[in-house]
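[1] fold the following for me, if possible:
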Amino acid sequence: MNRKVFIQKSFTAGVGLIINYQPLIDQYTPPFIMTVNGKLNINILTISLPHEHITTDFTGAEKVIQPQYNQTDAINTILPWLKKMKQQGVSLITECTPAYIGRDVRLLKLLSDKSGVHIMTNTGYYAAVGQKYLPKHAFEESAEQLSIRFLKEWTDGINQTGIRPGFIKLGVDKGPLKEIEKKLIKAAAITHLKSGLKIAIHTGDGAAAKEELSILTEAGVAPEAFIWVHAQNDETGDTQVELAKKGCWISLDGINAADASIQQYSNFLLKLKENNLLNKLLISHDDGWAVNKNDHTGLVTLSLFANGNTAPYQTIFTKLKPFLLKRGFTEKDFAIIMNKNPGTAFAIKICSM
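    Take a look at the predicted model:
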């Protein structure tokens with residue numbers, strides 16, 4: 001699938017337990033992120049890429065058993081790029097593929113171990129692209145019931161692996177939000193308040209982002225816990241500035257090597273800099289590999305997203321940064337965006353373990 005197409009009953013007792021549970025603020029442990037290999041102090045992070053993918057399966061929820069590919073083949077395909085990333089000083093990538101669209105935490109851990117790059121995975125569901133990637137129970141269950149599923153991954157680990165999510169990832173289309181999208185945001189709010197996991201939402205436009213913030217704040221979630229993913233869909237950048245001033249994180253994802261892309265993202269970054277909002281900014285490529293299955297041979301292969309980057313995870317460093325340095329950006333600006341902000345944005349402060 002073309003990457004641009006992709007972008008464009010019985011839980012009552014458990015619900016009671018969740019509602020009555022009161023997490024504590026951990027005053028003794030510094031804020032941390034949760035990687036596939038466990039807790040990591042945010043102070044040791046260097047360069048981080050806060051919105052990338054490893055593998056994504058666009059087949060649709062519950063249509064195939066995931067993962068479809070051979071694990072060894074996937075490692076051989078992806079590992080060289082993670083090693084190159086490590087050599088360039090990248091210490092962390094946030095892997096944003098949710099469940100039912102190809103999340104493979106076992107592969108992530110192996111790649112992290114072999115490359116030395118820390119990797120975060122997520123809990124949550126993806127309702128964008130016409131809800132193609134939502135399982136049946138997402139429509140049937142309440143927000144409280146869905147939050148139990150998300151919290152169980154936090155407390156017990158994902159799919160019996162012991163690997164825990166480092167954040168909540170949702171996906172919605174353009175505003176106004178559909179009821180299923182609102183329900184998932186409410187489930188994420190409950191999950192955040194019980195775990196401390198931050199909420200990153202793939203968002204179709206600025207109108208949807210404003211509605212998301214309204215739902216979250218009404219539920220008691222601070223704006224600082226909301227990461228607006230694909231904020232570049234706000235073409236003027238005005239809503240980016242508006243929500244950043246309220247405390248939200250502005251995540252500009254999808255930077256590619258085309259000159260038009262470099263110009264567009266540079267304009268966004270300069271506007272946020274002019275408004276003294278670089279401390280609320282995240283940038284990333286949204287690179288990764290798509291799962292492809294040949295209907296005739298049954299052969300499964302991986303191919304890079306068709307998003308304009310033939311070399312994954314590189315364009316920020318090879319094209320965007322040099323361009324911005326000529327337009328008034330400084331090395332200190334990049335250190336704020338690439339070294340400091342990701343750890344702060346995804347930091348977990350609640351002790352609920």
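[2] where does pLDDT dip in this protein?
    By pLDDT under 70, the weakly predicted segments of the chain are 1-29, 351-353.
[3] from the centre of it, point out the most distant residue.
    Relative to the centre of the chain, the most outlying C-alpha is that of His296, 33.9 Å out, by C-alpha atoms, centre = their mean.
[4] tell me where the stretch 1-150 of the chain has helices.
    Remark: helices of the stretch 1-150 of the chain, listed N- to C-terminal, are 3-7, 12-20, 71-87, 105-115, 136-140, 143-156; assignment by DSSP state H, counting those that start in this stretch.
[5] redo those as a markdown table? Include mean neighbour count and distance to Gly254.
    Bear in mind the C-beta positions are built from the backbone N, C-alpha and C, glycine included. As requested, these are exported to a markdown table (neighbours: other C-beta atoms under 10 Å; distance: least, C-beta to C-beta, whole Å):
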| stretch | mean neighbour count | distance to Gly254 |
| --- | --- | --- |
| helix 3-7 | 16 | 7 |
| helix 12-20 | 12 | 35 |
| helix 71-87 | 16 | 18 |
| helix 105-115 | 19 | 21 |
| helix 136-140 | 13 | 26 |
| helix 143-156 | 20 | 26 |
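[6] of those helices, which is nearest Ile42?
    The stretch from the helices of the stretch 1-150 of the chain with the least distance to Ile42 (C-beta to C-beta) is helix 105-115; that distance is 16.9 Å.
[7] roughly how far is the closest one from the heart of the chain?
    Helix 105-115 has its average C-alpha position 17 Å from the chain's average C-alpha position, going by C-alpha atoms, centre = their mean, to the nearest Å.
[8] contacts for it?
    Helix 105-115 is contacted by residues 35-37, 54-55, 67, 71, 74-75, 78-79, 82-83, 85-86, 95, 117-119, 121, 158-159, 161, 163 when judged by C-beta atoms under 8 Å, 6 or more residues apart in numbering.
[9] and with 7 Å instead?
    The set of residues external to helix 105-115 that reach it, using C-beta atoms under 7 Å, 6 or more residues apart in numbering, is 36-37, 54-55, 67, 71, 74-75, 78-79, 82-83, 86, 95, 118-119, 121, 158-159, 161, 163.
[10] cool, stretch 155-163 as well?
    With C-beta under 7 Å, 6+ apart as the test, stretch 155-163 has contacts from Val36, Val105, Arg106, Lys109, Thr121, Arg164, Pro165.
[11] now render those as JSON lines, adding distance to Tyr265.
    Output for the contacts of stretch 155-163, formatted as JSON lines (distance: C-beta to C-beta, whole Å):
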{"residue": "Val36", "distance to Tyr265": "29"}
{"residue": "Val105", "distance to Tyr265": "30"}
{"residue": "Arg106", "distance to Tyr265": "33"}
{"residue": "Lys109", "distance to Tyr265": "31"}
{"residue": "Thr121", "distance to Tyr265": "26"}
{"residue": "Arg164", "distance to Tyr265": "32"}
{"residue": "Pro165", "distance to Tyr265": "28"}
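[12] Lys326: which of those is nearest?
    Within these, proximity to Lys326 (C-beta to C-beta) peaks at Thr121, which comes in at 36.5 Å.
[13] which residues touch the closest one?
    Contact analysis of Thr121 by C-beta under 7 Å, 6+ apart lists Val36, Glu95, Arg103, Val105, Leu108, Ile163, Pro165, Gly166.
[14] so what pairs up with the second one in the strands?
    When you say that, I think you mean Glu95. Glu52 (DSSP bridges).
[15] residues in contact with it?
    Glu52, His53, Ile54, Leu108, Ile119, Met120, Thr121.
[16] just the strands from the stretch 101-250 of the chain, written as ranges.
    Along the stretch 101-250 of the chain, the segments classed as strands by DSSP state E, counting those that start in this stretch run 118-120, 122-123, 167-171, 199-202, 226-229, 249-253.
[17] which secondary structure elements does the fourth one sit against?
    Think strand 199-202. Taking 3 or more C-beta pairs under 7 Å, 6 or more residues apart in numbering; DSSP states H and E as the contact definition, the neighbouring helices and strands of strand 199-202 are strand 167-171, strand 226-229.
[18] could you check the angle helix 143-156 makes with the first one?
    When you say that, I think you mean strand 167-171. Relative orientation of strand 167-171 with respect to helix 143-156: 140 degrees, computed using axes from the mean of the first three to the mean of the last three C-alpha atoms, to 10 degrees.
[19] next, give phi and psi for Leu304.
    Note on Leu304: backbone dihedrals following degrees, to the nearest 10 are phi -60, psi 140.
[20] so who does it touch?
    Taking C-beta under 7 Å, 6+ apart, we find Leu304 in contact with Trp289, Pro312.
[21] do Asp234 as well
    Neighbour list for Asp234: Asp205, Gly206, Gln240 [criterion: C-beta under 7 Å, 6+ apart].
[22] again, only this time at 10 Å
    203, 205-210, 228, 240-243, 250, 252, 268 (C-beta atoms under 10 Å, 6 or more residues apart in numbering).
[23] how near is the residue lying closest to Asp287 once chain neighbours are set aside to Gly175?
    Counting by C-beta to C-beta, 6 or more residues apart in numbering, Asp287 lies nearest to Pro312, which is 3.9 Å off, once chain neighbours are set aside. Pro312 sits at a distance of 31 Å from Gly175 (criterion: C-beta to C-beta, to the nearest Å).
[24] about what we covered before: now the helices and strands packed on strand 199-202 as JSON lines including distance to Ser303?
    As requested, the helices and strands packed on strand 199-202 are arranged in JSON lines below (distance: least, C-beta to C-beta, whole Å):
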{"stretch": "strand 167-171", "distance to Ser303": "21"}
{"stretch": "strand 226-229", "distance to Ser303": "23"}
